[in-house]
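[1] Here is a sequence together with a model predicted from it:
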Amino acid sequence: MIKKNLTGKGILFLLSQFSVLAALQAQTQFYVSPSGLDSNDGSLRHPFSTIEKAQTEARKIPGEVTIILREATYRLAAPLRFTPQDGTQDKSLVIRAFPGEKVTLSGSIRLDSLQWQPYRKGIMKTSVAGRPLMDMLTVNGEIRPMARYPNYDPQAIRFNGTASDATAPERVKTWKNPAGGYLHAMHGSDWGDFHYRITGKDRKNRLLTEGGWQNNRPSGLHVANRMVENIFEELDAPGEWFYDAGQSTLYYYPLEGEEVNSASFESPQIRCLIEFRGDRLTPVRNITVEGIDLTQTLRTFMEPYEPLLRSDWTIYRGAAVFLEGTEHCSLRNCNLYHLGGNAVFFSNYNRHGEVSGSHFNRIGASAVCLAGDPEAVRSPSFTYSEFVPSAAIDRTQGPRSDNYPAYCRIHDNLIHQIGLYEKQIAGVELSMCRAITVSHNSIYDTPRAGINISEGTWGGHILEFNDLFNTVRETGDHGSFNAWGRDRYWHPDRQTLDSLLTAGHRELVPADAVETVQIRNNRFRCDRGWDIDLDDGSSNYHIYNNLCLNGGLKLREGFYRVVENNILVNSTFHRHVWFRENGTVFTRNIVMQPYEPREPSGYDLQGTLIDYNIFTDSLAWKITREHGTDSHSLVCKVKFVDPASGDFRVSGEETEVFRMGFQNFDMDRFGVVSGRLKALAEQPVMPVPVYHTGASGSERLTWEGVQIKNLDSPGERSASGMDAERGVYVIAVAAYGTHWIDFLKSNDVILGFAGKPVNNLTDLFNAIAGVNLKESHQMIIFRNQKEQVVTLPADMIHTNIRNQ
């Protein structure tokens, strides 16, 4: 009927309307290329030349708009800024790379027209035009260290090299004018770091500095773990550089074979590349950045920091990608690298944000942070020793406002080599936020925790299928996963807190930790701490189906923690200063060592359930039973399916284990899932399960916090890569309280000490007995398929040996 009623004019009218619609649809895609012109129409054939022009035109178009960037490095003089003009409830924007092309947003400038001349001793110098900021320098795409002491050492544990005499007057005396340099030092207890700008020196050659606000548990600087940089007189090693701002002169010590005249030199000029700026009432909505490289931002360790309530952290609220006041905004399939500070920060009000499919590498601070507004917290305190008097505490449950991140998703990201400059950082940091899902991320090579939750506000997070290992590399006394819970109910004085908790104060425990945090189906390995560490006050957690490969699990004082169906390989459960009636449940877990500490203090079992677990040897169970737990637990030498390949499912033959209620969980779903990231992601070293049998050949000792035994099994030989069953095998190193944490790792094999071969435990202790322990000695270890020499300082070694 319609066809019959159409006239020639009607057909022409419809065709004209279709043409208009097609043209409109074509204009929903704008193209940008350095070869284009902003006077063009932004089409594929006639692209714009700048992203800003495309953004301006996109704001005029309703509905869905895509900005497609052609291959190039787009150097930003200021951040790209998205506001509610760019994305609303009815309007969306995608900015992405052209398929198959590499697009880079960079905060750096190229240092062009450099005229290099020899200076002295292999050092080159050149004038630099324009007086740029020179805080970070890349040469041929790689970050180079400032002139520093001690020199950069990629194998050194902290700051790539520290020295106790870094600030000694004898050294400072050799510096003509250290103003503008930096002092970096670890916390006295290695809980984090401090940074100072050097402003000069006094007549006694003591440094004058400003800074030190980067840690919320201040203490004196570590006496040994210190490093100084940007000191001209310390320019003495290949790869180092120094910029004399007064003379606009750059000094550079080239690497061997490096040709400076053909090399590419770049220096970041801005701290942020992309920012989303809205608020709770008018949020930025429905914007996605996809498939783009984001690189080169300024370092931020001297920017203003703020405390994250009573956690150990202070933080710079900024990042290369900064989001505040957003809904449904995403960063997908991007590469973020060579960034001076945080990579991504969700600040205050954000809903349903997402970071997924992205690769974070060579990041100055944290990879992804989510932190709300302290004004949204009821009765907040901001330092460890600060508290609100009990009578003045707001008893209302939950937040005061909705100005915090919630219902966001951090999924399928590869995060490694982060914390280049700042050490109190994490792969994913959660503070004053709610219901965040952190899933299928691979996080490793971090100076501190892989995932950190700073306090209980306001829970509901799901942490699942993550792969965290090689964490806590430069700090101490925490784990691959770390949390605090110094919430409204918590008080810094334990005696006061105990009295409060028996006087009607207990209802405040869930006032901030409103919803349960679920930690499930993850794989953890921490060789310098606990695999899972719930520290001061952490409450309302359900921890299940996790594979802990080395450090075990710690629960400090807190409430309502249910820990079930986890596997603690070669490790155990650590119980620290518990409250009475705390509601902890620890059940149906596979445990391979006695609970720690062996003689718990301030440990109250009333109101808890610690029972129905599976111990792999009778001695561990017997020692644990002495403290009133696990009367119904099972002793069984559990057989795992294929530990060498990471399959720690319990063999179907172990019927007793399953009758106890333990259930197998998937061992092949940890970490990233996208193909490109799986091809890049590393895997943790798989431990050899060690069982105590009581036979002399398998004797296991604890020596100054290090668990050791004779290497006497094919599994240990295979795991370590040794050529024969010889040497002393390192099972595990204690998470705290031992100096060995800086020198030995699990799966190491000790082959020599003080020039004497070590084939077994007897050889090791005979060698130790025959030397002066007040002197420095060398130990030969086998690690990563090769022998290595470890130099042990004087007065470090004792002979405190304890049979397990």
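    Nice, thanks for sending it over.

[2] When you work out contacts or count neighbours from here on, use the C-alpha atoms and nothing else.
    OK.

[3] wait, what's in contact with V638?
    Shown in contact with V638 (Cα atoms under 8 Å, 6 or more residues apart in numbering): T616, V650, S651, E654, V657.

[4] can you do 7 Å?
    T616, V650, E654 (Cα atoms under 7 Å, 6 or more residues apart in numbering).

[5] Can you tell me how far G752 is from Y729?
    12 Å (Cα to Cα, to the nearest Å).

[6] Those two: who's more crowded?
    Higher neighbour count among G752 and Y729: Y729, with 28 against 23, using other Cα atoms under 10 Å.

[7] just the strands in the stretch 351-500 of the chain please.
    Using DSSP state E, counting those that start in this stretch, the strands found in the stretch 351-500 of the chain span residues 354-356, 359-363, 368-371, 405-406, 409-411, 414-418, 428-431, 437-439, 442-444, 451-453, 462-464, 467-469, 479-483.

[8] meant to ask about the stretch 551-700 of the chain, not that
    Ranges of strands in the stretch 551-700 of the chain, per DSSP E, counting those that start in this stretch, are 553-555, 561-564, 567-568, 573-575, 585-587, 590-591, 609-610, 614-615, 634-635, 640-642, 647-650, 700-703.

[9] Can you add mean pLDDT, mean neighbour count and distance to S189 and give these back as a markdown table?
    Formatted as a markdown table, the strands of the stretch 551-700 of the chain follow (pLDDT from 0 to 100; neighbours: other Cα atoms under 10 Å; distance: least, Cα to Cα, whole Å):
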| stretch | mean pLDDT | mean neighbour count | distance to S189 |
| --- | --- | --- | --- |
| strand 553-555 | 96 | 23 | 19 |
| strand 561-564 | 98 | 21 | 27 |
| strand 567-568 | 98 | 26 | 27 |
| strand 573-575 | 93 | 20 | 20 |
| strand 585-587 | 97 | 20 | 30 |
| strand 590-591 | 98 | 26 | 29 |
| strand 609-610 | 94 | 16 | 32 |
| strand 614-615 | 96 | 28 | 34 |
| strand 634-635 | 95 | 21 | 38 |
| strand 640-642 | 96 | 14 | 38 |
| strand 647-650 | 98 | 20 | 35 |
| strand 700-703 | 82 | 20 | 22 |
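
[10] ok so, going back, using a markdown table, lay out the strands of the stretch 351-500 of the chain together with mean pLDDT.
    Shown next, in a markdown table, are these (pLDDT from 0 to 100):
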| stretch | mean pLDDT |
| --- | --- |
| strand 354-356 | 98 |
| strand 359-363 | 98 |
| strand 368-371 | 98 |
| strand 405-406 | 98 |
| strand 409-411 | 98 |
| strand 414-418 | 98 |
| strand 428-431 | 98 |
| strand 437-439 | 98 |
| strand 442-444 | 98 |
| strand 451-453 | 98 |
| strand 462-464 | 98 |
| strand 467-469 | 98 |
| strand 479-483 | 98 |
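
[11] Format those strands as a markdown table; extra columns: distance to A156.
    Converted to a markdown table, the strands of the stretch 351-500 of the chain look like this (distance: least, Cα to Cα, whole Å):
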| stretch | distance to A156 |
| --- | --- |
| strand 354-356 | 32 |
| strand 359-363 | 16 |
| strand 368-371 | 26 |
| strand 405-406 | 37 |
| strand 409-411 | 31 |
| strand 414-418 | 14 |
| strand 428-431 | 24 |
| strand 437-439 | 31 |
| strand 442-444 | 17 |
| strand 451-453 | 23 |
| strand 462-464 | 31 |
| strand 467-469 | 18 |
| strand 479-483 | 20 |
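
[12] on that earlier part again, with distance to L744 added, can I get the strands of the stretch 551-700 of the chain in JSON lines?
    Rendered in JSON lines, the data for the strands of the stretch 551-700 of the chain read as follows (distance: least, Cα to Cα, whole Å):
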{"stretch": "strand 553-555", "distance to L744": "20"}
{"stretch": "strand 561-564", "distance to L744": "29"}
{"stretch": "strand 567-568", "distance to L744": "20"}
{"stretch": "strand 573-575", "distance to L744": "21"}
{"stretch": "strand 585-587", "distance to L744": "30"}
{"stretch": "strand 590-591", "distance to L744": "23"}
{"stretch": "strand 609-610", "distance to L744": "32"}
{"stretch": "strand 614-615", "distance to L744": "26"}
{"stretch": "strand 634-635", "distance to L744": "30"}
{"stretch": "strand 640-642", "distance to L744": "26"}
{"stretch": "strand 647-650", "distance to L744": "25"}
{"stretch": "strand 700-703", "distance to L744": "12"}
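
[13] Going by distance to N342, which of the contacts of V638 wins?
    Ranked by distance to N342 (Cα to Cα), the contacts of V638 are led by V650 at 40.5 Å.

[14] Correct me if wrong: that closest one contacts F640.
    Yes. Judged on Cα atoms under 7 Å, V650 makes contact with F640 at a distance of 4.6 Å.

[15] okay, L12: pLDDT?
    If you check L12, the pLDDT there is 52.

[16] what stretches of the stretch 501-650 of the chain score poorly on pLDDT?
    For the stretch 501-650 of the chain, applying pLDDT under 70 flags the ranges 503, 598-603.

[17] let's see it at 90
    501-507, 576-581, 596-608, 617-620, 623-624, 626-628 (pLDDT under 90).

[18] before we move on, back to that, which of the strands of the stretch 351-500 of the chain sits closest to D742?
    strand 479-483 (15.2 Å).

[19] That closest one - contacts with which helices or strands?
    Using 3 or more Cα pairs under 7 Å, 6 or more residues apart in numbering; DSSP states H and E as the contact test, the elements touching strand 479-483 are strand 451-453, strand 530-534.

[20] Quickly compare those and say which is most buried.
    Stretch with highest mean neighbour count among the helices and strands packed on strand 479-483: strand 530-534 (a mean of 29; mean count of other Cα atoms under 10 Å).

[21] what lines up beside that one in the sheet?
    strand 479-483 (parallel), strand 553-555 (parallel) (DSSP bridges).

[22] got those as JSON lines, with distance to M667 columns?
    Listed next are these as JSON lines, based on distance: least, Cα to Cα, whole Å:
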{"stretch": "strand 479-483", "distance to M667": "18"}
{"stretch": "strand 553-555", "distance to M667": "19"}
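
[23] For D165, find the nearest of the ones you listed.
    Among those, strand 479-483 comes nearest to D165, with 29.9 Å by Cα to Cα.

[24] gap between the closest one and the chain center?
    Centroid separation for strand 479-483 versus its chain: 10 Å, with Cα atoms, centre = their mean, to the nearest Å.

[25] With stretch 35-53 instead?
    For stretch 35-53 - counting by Cα atoms, centre = their mean - the centre lies 40 Å from the chain centre.

[26] Contact partners for the closest residue to R299 other than its chain neighbours?
    In space, and not counting its chain neighbours, R299 is closest to G340: 3.7 Å by Cα to Cα, 6 or more residues apart in numbering. Going by Cα under 7 Å, 6+ apart, G340 touches Q296, T297, L298, R299, T300, I363, G364.
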